[in-house]
Structures are given as C-alpha cells and as structure tokens.
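Student: Provided below for reference: sequence and predicted model.
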Amino acid sequence: MSSTITVPAQHALERILSLEIVRVTERAAVSAARLRGRGKDKASDQAAVDAMRRELNKLPIEGTVVIGEGELDEAPMLFIGEKVGTRNGPKVDIAVDPLEGTILCAKNMPGAIATMAMAEGGTLLNAPDVYMEKIAIGPGYPKGVVQLDASSEENILNLAKAKGVKPEEITACILDRPRHAELIAGVRKVGGAVKLISDGDVAGVIDCADSETTGVDIYLGIGGAPEGVLAAAALRCIGGQMQCRLQLDTEERRARGVTMGITDPRKIYEIEDMVKGDCLFAATGVTTGSFLRGVRFRKDVIETETVVMRSITGTVRYIRAEHRQLDKFHLD
Ligand code: VTB
C-alpha cells in the first residue's frame with residue numbers, strides 16, 4: 001500500500017527556497033572574501049551587495065527588500081523597498097546584510113558573514129536604519145527572565161539563577177563601544193564575564209543559542225536595527241528570547257519611523273513582533289567565526305560554509321559547498 005504525504009503548496013515552496021537562499025549568501029560571501037584583508041570595507045561591501053542582488057533576482061519570488069543597505073536616497077542597490085526576484089512566485093519580505101562586519105572583512109578578522117532572511121510578505125518589521133537597543137538569550141529559559149529595561153546587574157543575576165549557575169559562570173557578549181561602559185561595568189560588578197566584539201552583532205545574538213559551544217549566554221547593547229531584525233529571524237528558527245527598542249531619539253528619526261508604519265517610538269519588540277510569520281535565515285562565513293568557517297580559495301575549488309534555518313520546522317543545516325567552474329562563478 002502506498003501513502004502520499006501532502007505538503008501544503010506554500011510550504012513545499014518554502015522548503016525549496018531554503019536551499020535557494022544558500023546560493024545567495026554563498027555568492028555574496030565569496031565575492032566579499034576575494035577582498036578580505038585589503039583594507040577596503042566599502043569595496044568588499046559593494047562586491048557582496050552586487051553578488052547578492054544578482055542571485056536574489058534569480059529566485060522564483062516576488063520579493064520586497066524591507067531590511068537592506070539603507071533607505072532609498074542613500075543606497076543605490078538593495079535599498080528598502082526594492083523589488084527582487086523573477087516576480088514568478090510567492091510574495092516575500094527580504095532582509096539582507098550582504099556583508100555583516102565590513103571592517104572585519106577589510107581587516108581579515110574573525111566573524112564576517114553574508115546573511116539574509118526571507119519571510120512571508122508583510123511579516124518582517126520594516127525598520128529604519130537607526131540604532132536599536134537589544135537583549136537576547138538562547139532557548140530553554142522561562143519567558144521574561146531577562147528584560148530590556150532591567151539593569152545589566154539584574155539581568156545577569158536573574159539569568160544565572162534561571163540557569164542554575166553562579167553569576168561568575170555567565171558571559172555577556174557586548175559590542176566594544178564607549179556607549180556600553182555602564183553596561184559592561186554592571187555585568188562585571190555582579191561577577192559576570194564580558195566578551196567584547198568589535199563588530200558583528202548578528203553573530204553575537206546567534207551565539208547565545210548555543211552557549212555550550214560559544215561560551216556566550218546573553219547578548220546586550222546597542223547595535224544596528226537591520227542587524228536586530230536579522231538576528232530575530234535566526235532566533236525565531238532556533239529558539240530564544242529577544243527584546244529590542246529602536247532608538248528613535250530625534251524628530252527626524254521618529255518621522256522616518258512613521259513613514260515605515262512605526263507609530264510608537266518607544267515600543268519594545270519581541271521576536272514575534274519583528275518576525276511575525278514563518279521565515280528562513282541563512283548566513284555564509286566570509287572570515288572564520290564562532291559558528292561558521294570562512295571562504296577557502298583552493299587551487300580549483302572554492303569552499304564555503306553556510307548555516308540555513310527554517311522556522312516552521314526549526315531545522316538547522318550546515319552546508320559545506322565546493323564550488324568549481326571558477327571562471328563562471330561570477331556569471332551564471
Ligand atoms: C552593529 C554590528 C555591525 O555596526 O550593528 C554595529 O552588527 C553598530 O553600529 O557589524 P556602530 O558600529 O556604529 O557602533 C556594525 O559593527 C557595522 O555595521
């Protein structure tokens with residue numbers, strides 16, 4: 001007797017897209033990696049943007065970039081509102097950061113990635129390109145154990161209690177910026193450790209989801225809003241908690257928020273507010289980091305490592321690819 005498994009059309013398509021988006025971040029990562037260590041952050045970013053856009057336009061989707069390289073007047077490509085894809089497929093929202101960690105790439109330092117997320121049309125937060133306050137932890141904790149508006153002291157103590165360890169065993173990942181001096185002092189005051197990163201807070205948030213491997217339990221601090229939405233998409237797939245607030249602290253920023261539908265400038269966003277439906281997330285290593293190996297250029301082969309996640313099933317795949325036909329790599 002044979003049985004047929006019926007997969008809803010929309011989901012079947014989504015499954016295929018989860019592999020399609022791997023190509024997008026792979027190509028962006030390879031293009032950026034060619035410029036690793038050249039001290040050219042803008043050029044490597046541009047290379048990643050070009051490659052990502054070219055690949056996105058091959059996908060069978062009717063895509064709208066909602067998190068991109070910037071708002072229309074400041075970004076010629078992959079700007080917020082740009083339409084991508086063949087227009088022959090589902091309506092989807094796209095969030096991209098073709099090169100997250102441009103400086104890391106320019107200096108050939110660990111942790112640069114090419115990343116994107118895709119979600120059903122109208123379900124990703126349309127965030128202006130401003131700063132965002134963020135707090136994130138991995139899965140397995142009671143809801144609300146850490147809070148954006150609590151002090152870092154309180155958050156470390158509450159997290160340690162929930163984890164069943166001493167505060168000394170908690171590590172917070174924080175961007176190394178003068179604006180975080182108080183936050184860092186608070187973590188250390190109660191015995192917690194701080195892992196400072198120079199850039200790359202998408203990876204900083206993702207690291208919280210696997211603290212045994214990465215040694216990071218909590219992400220704290222102010223980073224970019226686009227990176228916040230991308231990180232929320234990843235956590236929606238693998239579990240965890242996140243609270244964020246856009247820094248709409250000037251009239252001009254509040255007005256930009258309003259044009260994107262943000263009427264409450266002080267709103268605290270949880271993962272489900274930033275990524276309302278099912279989503280896919282992919283990231284390819286440009287330089288080797290905590291969870292991805294960087295691009296390797298061998299004699300006849302280019303190797304990439306990509307993680308791709310799917311929220312509907314929570315599946316996380318690591319895809320190591322060997323790319324041949326190097327002469328065609330830019331063209332096909
Ligand atoms: C973060 C980080 C980025 O910007 O969002 C950070 O993820 C925040 O901005 O990799 P400042 O650099 O202005 O503090 C990056 O470091 C660079 O885009």
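Tutor: Now that the structure is in, tell me what you want to look at.
Student: contacts and neighbour counts: CA atoms only from here.
Tutor: OK.
Student: what mean pLDDT does the longest helix seen in the chain get?
Tutor: Secondary structure of the chain per DSSP state H: the longest helix is helix 9-33. Taken as a whole, helix 9-33 carries a mean pLDDT of 85.
Student: could I get the average pLDDT for the very next helix or strand once past that helix?
Tutor: Later in the chain than helix 9-33, the nearest helix or strand by DSSP states H and E is helix 41-56. The pLDDT scores in helix 41-56 average 96.
Student: which of the residues in helix 41-56 are buried?
Tutor: Within helix 41-56, the residues that qualify as buried are 41, 44-56, counting by 16 or more other CA atoms under 10 Å.
Student: before we move on, back to that, check which helices and strands the longest helix of the chain is in contact with.
Tutor: If you count contacts as 3 or more CA pairs under 8 Å, 6 or more residues apart in numbering; DSSP states H and E, helix 9-33 packs onto helix 41-56, strand 91-100, strand 113-120, strand 279-285, strand 302-310.
Student: what lies in contact with that helix?
Tutor: 44-45, 47-52, 55-56, 59, 90, 98-99, 105, 113-116, 280-287, 295, 304-306, 308-310 (CA atoms under 8 Å, 6 or more residues apart in numbering).
Student: go with 6 Å
Tutor: Applying CA atoms under 6 Å, 6 or more residues apart in numbering, the contact partners of helix 9-33 are 44, 47-48, 51-52, 55, 114-115, 284, 286.
Student: ok, now how distant is Glu227 from the ligand?
Tutor: Separation of Glu227 from the ligand (CA to the nearest ligand atom, to the nearest Å): 6 Å.
Student: what sits against that residue?
Tutor: Contacts for Glu227 (CA under 6 Å, 6+ apart) come out as Val202.
Student: so which helix or strand takes in Lys195?
Tutor: In this assignment (DSSP H and E), Lys195 forms part of strand 193-197.
Student: ok, Glu227 next?
Tutor: Per DSSP H and E, Glu227 falls inside helix 225-238.
Student: before we move on, what SS does Ile135 have?
Tutor: strand (DSSP: H, G, I helix; E, B strand; the rest coil).
Student: report how many residues lie close to the residue lying closest to it once chain neighbours are set aside.
Tutor: Distances taken as CA to CA, 6 or more residues apart in numbering put Leu220 closest to Ile135, at 4.7 Å, once the chain neighbours are dropped. For Leu220, the neighbour count with other CA atoms under 10 Å is 27.
Student: Met132 is in contact with Leu220, correct?
Tutor: No. In this structure, Leu220 is not within contact of Met132 by CA atoms under 6 Å, at 10.9 Å.
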